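**Q** the amino acid sequence is not available; the structure is as follows:
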């Protein structure tokens with residue numbers, strides 16, 4: 001038997017998701033809507049043996065689709081897939097919220113109106129006559145606080161009752177005479193729509209100019225589209241405003257009269273909210289407060305979340321890498337199977353595991369910001385600055401987190417409502433130099449620029465920000481060309497964050513990352529691990545040596561990096577670029593292994609470690625890292641990026657100990673790199689393809705096509721910047737300078753062509 005389906009719909013910030021979480025609890029399935037990367041939430045509510053499927057639709061203000069979220073919600077409602085629509089209305093903003101309610105009621109679909117935040121309304125002196133409102137809307141209306149379990153139960157009981165015996169509202173809003181006459185004319189001509197909507201509502205949408213609905217309703221079979229639009233055009237001259245404005249005005253007039261009738265005592269906006277806004281939105285104090293909060297978010301995400309990375313790394317390595325290899329070696333299984341299972345699949349799972357703490361903390365902090373009401377204020381404070389590069393202020397939050405780790409930053413872009421804003425943020429975020437790249441900068445700064453290491457690293461960070469801004473301008477004019485998203489910002493009341501709702505929201509987002517992005521990450525790590533381990537002679541165990549297939553490929557491809565200063569004999573740098581695809585800190589380990597020429601010793605040590613494998617010892621070691629890392633995090637509260645190590649730039653042994661390399665690596669770096677070559681190489685590492693974990697997150701949020709395009713763009717852009725710097729600073733090869741400039745022009749032309757042909761699928765959202 002088919003389970004009834006109930007869709008929850010409402011304005012943003014009305015408590016819709018809170019009620020959804022209260023109704024479904026842990027019985028939720030998180031995914032994406034078909035063909036897009038907008039989050040889809042589906043849950044189950046139970047009563048005895050009966051079950052109902054709940055769908056949490058994206059927040060919308062009306063049934064006119066302007067953003068991707070609105071289009072999804074509208075399409076779902078128009079598809080008549082739900083047996084009941086539950087419309088959540090904010091009691092504090094009743095008049096504005098009822099605009100969507102009126103549209104739903106005019107459609108004639110089974111409807112339950114739930115007025116939420118009864119507790120806040122009571123504090124503000126707002127008393128709503130629910131029974132009277134129910135008569136006006138001709139459908140059931142209940143008033144609750146979604147934070148109270150007994151109120152949530154009332155909603156659940158009402159939902160079960162209405163799915164068995166649905167009530168379809170029937171209301172009549174009086175529109176200007178020309179519109180009413182045209183509706184009457186069409187009704188007499190019996191232009192009955194094919195789908196299950198009220199004819200009057202369909203006629204109104206056509207008069208508003210909704211061509212999508214005209215196609216869906218199939219009215220054009222009875223009367224041609226040209227005829228219908230001509231009749232609409234005939235009445236426009238008789239109206240003071242355009243039809244959509246006239247219709248909206250009539251609805252608001254109806255709502256205003258209804259609200260005046262049902263609200264017995266009208267309160268005022270929360271005094272607490274007004275007092276806090278006077279400070280956090282202040283021209284003088286707003287920005288410092290915002291930057292302080294961003295600092296806290298960054299520090300907690302990277303330092304506190306980062307304190308648990310070693311635990312997950314060591315524990316996952318023990319379970320998924322060392323333990324399988326130990327078992328396989330006990331049965332004398334061929335080495336290639338051990339490499340495939342342990343170093344391939346196991347290492348991929350280990351890589352995913354290391355991102356769990358920072359992603360969890362990132363989503364936890366974002367959920368707290370959203371639930372408290374400050375996220376909208378943060379967007380407001382930064383909006384003017386961010387608009388210069390075509391982004392809303394809200395995009396600043398994930399980009400700041402990108403300085404710690406690109407993965408949670410990319411995942412954090414899903415808080416943006418506009419698809420264009422989200423994609424542009426994803427394209428710009430990898431330029432924010434993540435913490436994994438810092439050891440590379442420290443290594444080169446200490447070896448090549450010991451007297452000016454701090455300035456060099458700071459210059460690299462600034463270069464990343466500059467590259468992000470340049471990319472923003474390029475993409476805004478090419479791939480993501482179009483009007484900026486509408487600046488309509490709602491400032492909700494401040495709330496005390498609710499732990500239960502926050503943890504459910506955080507867990508759902510983390511689970512989605514583990515289920516989706518992990519597939520790409522494990523696959524990529526698996527392939528790279530095999531290439532790094534397999535030798536050209538068919539042997540295995542050649543990691544970070546000149547005998548691996550990866551090293552052989554690097555020998556071949558090294559000439560491609562010659563324009564940016566990497567000479568043919570410095571093939572080790574090319575290998576490190578490839579291993580940097582695992583994680584950027586792997587670059588340091590690769591250079592250390594290849595330059596210090598201790599590969600054989602490393603292999604022997606690894607074999608000894610495998611023979612002495614002890615699962616409990618590994619887990620104990622993993623646990624012991626947590627308190628030490630937390631102590632280091634707290635002591636480093638003033639150094640969130642971890643750049644204090646540069647204070648020891650004159651002490652090679654101290655730096656080598658900090659970043660775990662051999663001291664001979666410094667001398668080899670000086671032999672292979674001039675200052676210009678070193679800085680060009682650092683620029684390339686800053687800008688090129690992100691790690692496989694970040695790539696997996698991009699695939700998850702933007703889709704494979706755009707992820708591949710972004711990876712190509714980043715790598716080409718990195719090569720251009722590194723080449724231009726080296727050639728202008730030291731190489732002085734006019735041919736390479738002209739070539740790099742021509743590639744820039746070609747790259748922009750390709751992006752413009754792709755934008756013109758809607759490669760990013762932006763124009764489908766009207």
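**A** Sure, I can see it. Just so we're clear, the structure is a prediction, and the values are computed from it rather than from any experiment.
**Q** drop to CA atoms for contacts and neighbour counts, all remaining ones
**A** Will do.
**Q** check what contacts the helix or strand harbouring residue 466 and list those residues.
**A** Remark: residue 466 resides in helix 453-477, with elements defined by DSSP states H and E. With contact meaning CA atoms under 8 Å, 6 or more residues apart in numbering, helix 453-477 is reached by 389-390, 424, 427-429, 431-433, 441-442, 445-446, 449, 481-482, 646-647, 649, 682-683, 686-687, 748, 751-752.
**Q** what residues of it count as buried?
**A** 453-454, 456-457, 460-461, 463-465, 467-469, 471-477 (16 or more other CA atoms under 10 Å).
**Q** repeat that for stretch 133-145.
**A** Of the residues in stretch 133-145, 133, 134, 136, 137, 138, 139, 140, 141, 142, 143, 144, 145 count as buried by neighbour count, 16+ other CA under 10 Å.
**Q** show residues contacting that stretch.
**A** 102, 105, 111-119, 130-131, 151-152, 155, 167-171, 258, 262.
**Q** now which of the residues you listed would you call buried?
**A** Burial by neighbour count, 16+ other CA under 10 Å: within the contacts of stretch 133-145 this picks out 102, 105, 111-119, 130, 151-152, 155, 167-169, 171, 258, 262.
**Q** now, which of those lie within helices?
**A** Of those, the ones assigned to helices by DSSP state H are 102, 105, 118, 119, 130, 151, 152, 155, 258, 262.
**Q** and of these, the nearest to residue 584?
**A** Nearest to residue 584 out of those is residue 152 (CA to CA; 47.6 Å).
**Q** how near is that closest one to residue 568?
**A** Noted for residue 152: a distance of 69 Å to residue 568, by CA to CA, to the nearest Å.
**Q** the longest helix in the protein is where?
**A** helix 499-533.
**Q** which parts of that one are buried?
**A** Quick answer for helix 499-533 (16+ other CA under 10 Å): 501-514, 516-526, 528-533.
**Q** cool, stretch 92-103 as well?
**A** For stretch 92-103, the neighbour count (16+ other CA under 10 Å) marks 92, 94, 95, 96, 97, 98, 99, 100, 101, 102 as buried.
**Q** not counting its own residues, what contacts it?
**A** So stretch 92-103 is in contact with 10-11, 61-63, 87, 89-90, 113, 117, 120-121, 126, 137, 201, 251-252, 255-256, 259, going by CA under 8 Å, 6+ apart.
**Q** please pick the buried ones from those residues.
**A** 10-11, 61-63, 87, 89-90, 113, 117, 120-121, 126, 137, 201, 251-252, 255, 259.
**Q** tell me which element the closest residue to residue 730 other than its chain neighbours is part of?
**A** Of all residues not flanking residue 730 in the chain, residue 676 sits nearest, at 6.5 Å (CA to CA, 6 or more residues apart in numbering). Secondary structure from DSSP H and E places residue 676 in helix 675-687.
**Q** touching that helix from outside, list them.
**A** The contact list for helix 675-687 (CA under 8 Å, 6+ apart) reads 430-431, 433, 437, 440-441, 444, 448-449, 460, 463-464, 564-566, 577, 584, 714-715, 717-719, 721-723, 725-726, 729-730.
**Q** which residue ranges of the stretch 51-200 of the chain form strands?
**A** Taking DSSP state E, counting those that start in this stretch as the criterion, the stretch 51-200 of the chain contains strands spanning 84-90, 111-116, 127-128, 141-143.
**Q** tilt between the second one and strand 84-90?
**A** Interaxial angle of strand 111-116 relative to strand 84-90 (axes from the mean of the first three to the mean of the last three CA atoms, to 10 degrees): 30 degrees.
**Q** who does strand 111-116 pair up with?
**A** Strand pairing for strand 111-116, determined by DSSP bridges: strand 84-90 (parallel), strand 141-143 (parallel).
**Q** same check on the shortest one?
**A** When pairing is defined by DSSP bridges, strand 127-128 lines up against strand 263-265 (antiparallel).
**Q** next SSE after the partner strand?
**A** Downstream of strand 263-265, the first helix or strand assigned by DSSP H and E is helix 271-280.
**Q** packing partners of that next one?
**A** Packing partners of helix 271-280 (3 or more CA pairs under 8 Å, 6 or more residues apart in numbering; DSSP states H and E): helix 286-299.
**Q** change it to 10 Å
**A** Here helix 271-280 touches helix 286-299, helix 374-387, going by 3 or more CA pairs under 10 Å, 6 or more residues apart in numbering; DSSP states H and E.
**Q** coming back round to it: any chance of the strands of the stretch 51-200 of the chain in JSON lines, with distance to residue 197 too?
**A** Listed next are the strands of the stretch 51-200 of the chain as JSON lines, based on distance: least, CA to CA, whole Å:
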{"stretch": "strand 84-90", "distance to residue 197": "13"}
{"stretch": "strand 111-116", "distance to residue 197": "13"}
{"stretch": "strand 127-128", "distance to residue 197": "30"}
{"stretch": "strand 141-143", "distance to residue 197": "21"}
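**Q** make JSON lines out of the ones you listed and add distance to residue 51 and mean pLDDT.
**A** Output for these, formatted as JSON lines (distance: least, CA to CA, whole Å; pLDDT from 0 to 100):
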{"stretch": "strand 84-90", "distance to residue 51": "14", "mean pLDDT": "94"}
{"stretch": "strand 111-116", "distance to residue 51": "18", "mean pLDDT": "95"}
{"stretch": "strand 127-128", "distance to residue 51": "32", "mean pLDDT": "90"}
{"stretch": "strand 141-143", "distance to residue 51": "22", "mean pLDDT": "95"}
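**Q** looking at those strands, which is nearest to residue 667?
**A** Of all the strands of the stretch 51-200 of the chain, the one in closest proximity to residue 667, counting by CA to CA, is strand 84-90 (66.6 Å).
**Q** now find how far off-centre that closest one is within its chain.
**A** In terms of CA atoms, centre = their mean, to the nearest Å, the centre of strand 84-90 is set 27 Å apart from its chain centre.
**Q** swap in stretch 347-359?
**A** With CA atoms, centre = their mean, you get 17 Å for stretch 347-359.
**Q** please confirm that residue 566 is located within a helix.
**A** No - the assignment for residue 566 is coil, going by DSSP: H, G, I helix; E, B strand; the rest coil, so no helix is present there.
**Q** quick one: list the elements packing against the host helix or strand of residue 23.
**A** Take DSSP H and E as the rule and residue 23 turns out to sit in helix 16-24. Judged by 3+ CA pairs under 10 Å, 6+ apart, the packing partners of helix 16-24 are strand 5-10, strand 39-47, strand 50-56, strand 84-90, strand 111-116, helix 149-164, helix 499-533.
**Q** any chance of JSON lines for the ones you listed, columns distance to residue 303?
**A** Below are the helices and strands packed on helix 16-24 laid out as JSON lines (distance: least, CA to CA, whole Å):
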{"stretch": "strand 5-10", "distance to residue 303": "37"}
{"stretch": "strand 39-47", "distance to residue 303": "28"}
{"stretch": "strand 50-56", "distance to residue 303": "34"}
{"stretch": "strand 84-90", "distance to residue 303": "38"}
{"stretch": "strand 111-116", "distance to residue 303": "38"}
{"stretch": "helix 149-164", "distance to residue 303": "36"}
{"stretch": "helix 499-533", "distance to residue 303": "18"}
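**Q** for residue 284, find the nearest of these.
**A** Taking those one by one with CA to CA, helix 499-533 is closest: 31.1 Å.
**Q** so the closest one versus helix 16-24, what angle?
**A** With the same axes, to 10 degrees as the basis, helix 499-533 and helix 16-24 are set at 90 degrees to each other.
**Q** what's the next secondary structure element after helix 499-533?
**A** Going down the chain from helix 499-533, the next helix or strand is helix 549-557, by DSSP H and E.
**Q** tell me the angle that following helix makes with helix 499-533.
**A** Interaxial angle, helix 549-557 versus helix 499-533 (the same axes, to 10 degrees): 70 degrees.
**Q** after helix 549-557, which helix or strand is next?
**A** Next element after helix 549-557 (DSSP H and E): helix 571-579.
**Q** re the thing from before, which of the helices and strands packed on helix 271-280 sits closest to residue 558?
**A** Between residue 558 and the helices and strands packed on helix 271-280, the tightest spacing by CA to CA is seen for helix 286-299, at 37.0 Å.
**Q** this completes my enquiry, with thanks.
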